[in-house]
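S.K.: This is a predicted model, with the sequence first.
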Amino acid sequence: MSPGTRAAVLSGRVLPKLVRVADLDPDLLLSDFRDDAPGLRHRLAEAEVLFTSWGCPSLDADALERMPRLRAVVHAAGSVKHHVTAACWERGLLVSSAAAANAVPVAEYTLAAILFANKRVLESAHAYRSARGPMDLLSRYPAVGNYRRTVGLIGASLIGRRVLELLRPFDLRVLVHDPYADPAEIATLGGEACALDQLLGSSDVVSLHAPELPATRHLLDAARLALMPDGATLINTARGSLVDTAALTEELVRGRLHAVLDHTEPELLPAGSPLFDLPNVLLTPHVAGSLGGELDRLAATAVAELERYAHGLAFRHPVDPTRLAYSA
């Protein structure tokens, strides 16, 4: 992992647990498998498990040649696509990810965004700031609230399913689009499986939880955004590439739609982007995922997986290589 990641993820609360579980040098940090520092080649040759996180270099065939005893990769973060290569699966490595732990804060952010969107919290806050006096709320916001509104989730991913769970106590109808999900399972979780265009045309709030794949690039283009009802809200905590930014910007500048965007394309918008100043847009700088104390959950999940491995138990959160083609 990168030095910055180590400082954030392996806090003083987690590192002692890791040292108790595994035979490791807590001072050893590797961010380049080609590093020929004295003694490093020997350490790699003896490694049975890699404990990884953000900033891990690619585990390609050349890197794996240096680690003949490697049997598993335990990732204290979400997606493993950035470092786990086909060579790892060909070797038969066991891989675990803390994606389920990272799904928790993203789902919490999404829940808050959905409830605030239907309540028009952002819009009313801007209006109150301008008025600085009494407001006729009943006439100004006759249709706000979360009672019997429709929420559309695009993607029954780990995060999407967690959002479904969090929405269960509320009087909401939840539509779900995922071409790979079992409609019966979606129903068990409290959602209704449906086609994408139907979801877009029926939802007061649409939340993206699909992976970044060639097939999902600009999944929401101008034509699909036009299907969303006037006043609907788009929430994106997935990837910016899933949305045509120019088309969305046009809709938002017109004021027809609202948006809560934790991801955009490009990831860092130009300083002159109108999205920074629109009253119907909430922009956040990629804060939905694990940050601060939430990183302890990621690390603790990974340490627990390492402990299971040490006791000869199967991972609780294994990565299935057959699902990587359509997952994050």
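M.R.: Perfect, I can see it now. Residues are numbered from 1 along each chain as shown.
S.K.: close enough to count as contact, L175 and C194?
M.R.: Yes. Because the distance of 5.0 Å satisfies C-beta atoms under 8 Å, L175 is recorded as touching C194. The way it works is simple: take the backbone N, C-alpha and C, and place the C-beta from them, glycine included.
S.K.: residues bridging contact with those two, i.e. touching both?
M.R.: Residues touching both L175 and C194 by C-beta atoms under 8 Å, 6 or more residues apart in numbering: S202.
S.K.: Compare those two (neighbour count), which wins?
M.R.: Shown here are L175 and C194; by other C-beta atoms under 10 Å, L175 has more neighbours (22 against 17).
S.K.: Please enumerate the helices of this protein.
M.R.: 3-9, 15-21, 40-46, 61-65, 86-91, 99-118, 121-131, 137-140, 158-167, 183-188, 196-202, 222-225, 245-254, 295-310 (DSSP state H).
S.K.: Adding mean neighbour count and distance to D277, write these out as CSV.
M.R.: Shown next, in CSV, are the helices of the chain (neighbours: other C-beta atoms under 10 Å; distance: least, C-beta to C-beta, whole Å):
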stretch, mean neighbour count, distance to D277
helix 3-9, 16, 31
helix 15-21, 15, 43
helix 40-46, 14, 50
helix 61-65, 15, 46
helix 86-91, 15, 45
helix 99-118, 22, 19
helix 121-131, 14, 11
helix 137-140, 10, 22
helix 158-167, 23, 29
helix 183-188, 14, 38
helix 196-202, 18, 26
helix 222-225, 16, 20
helix 245-254, 17, 10
helix 295-310, 21, 32
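S.K.: now these as CSV including distance to P321 and mean pLDDT?
M.R.: Conversion of the helices of the chain to CSV gives the following (distance: least, C-beta to C-beta, whole Å; pLDDT from 0 to 100):
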stretch, distance to P321, mean pLDDT
helix 3-9, 24, 92
helix 15-21, 25, 92
helix 40-46, 23, 91
helix 61-65, 15, 95
helix 86-91, 5, 96
helix 99-118, 14, 97
helix 121-131, 41, 91
helix 137-140, 53, 89
helix 158-167, 17, 97
helix 183-188, 22, 95
helix 196-202, 27, 98
helix 222-225, 31, 98
helix 245-254, 32, 98
helix 295-310, 17, 96
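S.K.: of these, which approaches A328 most closely?
M.R.: The stretch from the helices of the chain with the least distance to A328 (C-beta to C-beta) is helix 99-118; that distance is 7.2 Å.
S.K.: And that closest one, how far out from the chain middle?
M.R.: Centroid separation for helix 99-118 versus its chain: 10 Å, with C-alpha atoms, centre = their mean, to the nearest Å.
S.K.: which helices and strands does it pack with?
M.R.: Helices and strands in packing contact with helix 99-118 are listed as helix 158-167, strand 205-208, strand 233-236, strand 258-261, helix 295-310; criterion 3 or more C-beta pairs under 8 Å, 6 or more residues apart in numbering; DSSP states H and E.
S.K.: just checking, I114 touches L166?
M.R.: No. Counting by C-beta under 8 Å, I114 does not reach L166; the two are 9.0 Å apart.
S.K.: wait, S11 sits on L298?
M.R.: No. S11 is beyond contact range of L298, at 10.6 Å (criterion: C-beta under 8 Å).
S.K.: distance of L24 from T284?
M.R.: According to C-beta to C-beta, to the nearest Å, L24 stands 36 Å off from T284.
S.K.: same check, this time on D204
M.R.: 21 Å.
S.K.: More neighbours: which of the two?
M.R.: D204 (22 against 13).
S.K.: Just give the closest residue to the more buried one, not the sequence neighbours.
M.R.: Excluding the flanking residues, the one nearest D204 by C-beta to C-beta, 6 or more residues apart in numbering is R149, at 4.5 Å.
S.K.: same question, D32
M.R.: The shortest distance from D32 to any residue that is not its chain neighbour, by C-beta to C-beta, 6+ apart, is 5.7 Å, and that residue is P57.
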